[in-house]
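got a sequence here, can you build the structure:
(one chain, ligands or ions: 1)
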Amino acid sequence: GHYDTGGYAHYLLKEISEQPDTVARTLRGRIDDRFHIAHLGGLNLTPHETRAFRRVKIIGCGSAYYSGQIGAQLIEELARIPADAEPASEFRYRNPVVEHDTLYVAISQSGETYDTLAAVQELKRKGGRVLGIVNTVGSAIARECAGGIYLHAGPEVSVASTKAFTSTAVAFALLALHFGRVHDLSPADGRRICDGLRRLPGQIEEIIAGGDHIAALASKYADHPSMMFVGRVRGYPVAREGAQKLKEISYVHAEAYPASELKHGPLALIGPETPTVAVVPDDELLDKNLTTLGEIRARGGRVLMVGHREPDAKLADDVILVPKNEPELDPILLGIPLQIFAYHAAVVLDRDVDRPRNLAKSVTVE
Ligand code: AGP
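Numbering: from 1, shown residues only. Below you'll find the predicted structure:
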């Protein structure tokens with residue numbers, strides 16, 4: 001039936017492996033190849049209203065917040081509308097200034113996370129316009145929002161979010177394409193993004209097919225007490241989510257930092273006992289990232305690089321290669337090997353993969 005592991009050892013592995021299909025479902029019927037736009041009927045926003053927003057504020061908790069950070073970058077890149085993400089709990093406790101020309105977006109897989117729900121309610125009390133990016137149809141958060149995007153990723157059972165995280169990033173790519181084409185994104189760039197979105201399911205399949213290599217690396221690195229995750233700009237939210245996955249299911253301590261911040265403090269932690277997972281897309285920041293790898297290696301730190309091309313052998317001990325898409329969409333793919341890495345680390349360490357200690361699937365209390 002719907003809720004068994006379908007021959008997989010764990011729900012988590014099943015949900016990771018389903019992603020070619022779940023991403024296809026998030027995209028289904030939403031890409032218009034004639035005008036290179038996204039059809040998002042559930043937004044309930046006219047083009048006129050869409051143009052009137054001068055800012056986008058994204059809220060969510062945990063992995064939902066990290067996917068929101070990917071979303072904020074997509075909206076800034078494709079639509080050039082200032083956007084940022086914040087944990088929903090921080091947002092609601094700081095008595096936020098709610099602006100009439102800001103569009104608020106709440107993210108939740110379950111649709112029941114109390115902090116996110118309370119933030120949406122606070123926004124509505126102050127007259128804010130809130131969209132939801134939600135997986136569970138008819139959930140409390142979905143009902144509170146004035147419109148939004150359903151992920152259609154199917155039920156996520158394992159406590160650690162995987163397919164909902166990826167589908168949320170895909171939903172943001174659609175939202176950013178939509179906003180972009182209402183603003184100044186050219187038809188040619190719209191087409192480039194539409195084509196890139198269509199390539200995602202097949203590319204995710206390729207990543208999953210390379211799972212054995214990632215599993216071998218997970219056993220090689222899992223016995224370290226702590227790991228560092230770094231990335232710049234597009235790679236940074238990916239690094240944060242990679243660290244979150246490793247922490248929650250393997251209990252290996254992990255910290256995520258923007259790569260440029262290492263030298264402002266955490267470089268002191270780097271040495272043979274603390275390896276670094278570096279998210280290095282082949283984008284305009286490639287050279288900067290490679291310099292960072294050199295700095296880590298010069299301190300005796302081991303480097304596992306996740307990226308698009310093999311670096312100089314001096315710069316990384318191990319590499320996970322990921323298929324290249326359009327630069328704006330690359331974060332969606334770069335996160336998936338880190339899910340697989342965390343899964344295998346948890347298995348090697350004999351953890352309760354689907355029900356990690358101290359955690360609940362949805363946090364319905366304050
Ligand atoms: C994800 O791996 C976590 N278990 C957790 O951070 C989760 O994403 C967060 O609690 C938000 O849940 P939601 O998406 O159901 O609102």
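
which bits of the stretch 101-250 of the chain sit near the ligand?
Within the stretch 101-250 of the chain, the positions lying close to the ligand (CB under 6 Å from any ligand atom) are 108-110, 113, 116, 159-161, 248. For glycine as for every other residue, the C-beta is placed from the backbone atoms N, C-alpha and C.

do that again at 5 Å, thanks
Residues of the stretch 101-250 of the chain lying close to the ligand (CB under 5 Å from any ligand atom) are 108-110, 113, 160-161.

dihedrals phi and psi, the residue in the stretch 1-150 of the chain that the ligand sits nearest to?
Using CB to the nearest ligand atom, the closest approach of the stretch 1-150 of the chain to the ligand is made by G62 at 1.8 Å. Dihedral pair for G62: phi 60, psi -130, per degrees, to the nearest 10.

now do P87
phi -60, psi 140.

how about the contacts made by it?
Each residue near P87 by CB atoms under 8 Å, 6 or more residues apart in numbering is listed here: 59-61, 65, 115.

what number of residues lie near the nearest residue to L174 once chain neighbours are set aside?
Distance criterion CB to CB, 6 or more residues apart in numbering; nearest residue to L174, sequence neighbours excluded, is A38 at 4.2 Å. By other CB atoms under 10 Å, 25 other residues sit near A38.

one more: D33?
Neighbour count for D33, taken as other CB under 10 Å: 11.

so what's the closest residue in space to it that isn't next to it in sequence up against?
Nearest residue to D33 in three dimensions, chain neighbours excluded: C194, at 6.3 Å (CB to CB, 6+ apart). By CB under 8 Å, 6+ apart, the residues touching C194 are 31-33, 36, 177.

check I81 too.
So I81 contacts 53-56, 75, 179, 183 (CB under 8 Å, 6+ apart).

cool, L13 as well?
Counted by CB under 8 Å, 6+ apart, L13 has contacts 5, 343, 353.

kindly report the same for G6.
By CB under 8 Å, 6+ apart, the contact list for G6 reads K14.

bridging residues for the residue nearest to L174?
I31 (DSSP bridges).

so it sits against F179, correct?
No - in this structure, A38 is not within contact of F179 by CB atoms under 8 Å, at 9.1 Å.

quick one: the helices in this protein, in order.
Under the criterion DSSP state H, the chain carries helices at the ranges 11-17, 19-27, 47-52, 63-79, 88-93, 114-125, 140-144, 163-182, 187-209, 211-221, 235-250, 286-298, 330-348.

list the buried residues for the third one?
So the one you mean is helix 47-52. Across helix 47-52, burial judged by 16 or more other CB atoms under 10 Å covers T50.

run the chain-centre distance for it.
27 Å (CA atoms, centre = their mean, to the nearest Å).

packing partners for it?
Packing partners of helix 47-52 (3 or more CB pairs under 8 Å, 6 or more residues apart in numbering; DSSP states H and E): helix 163-182.
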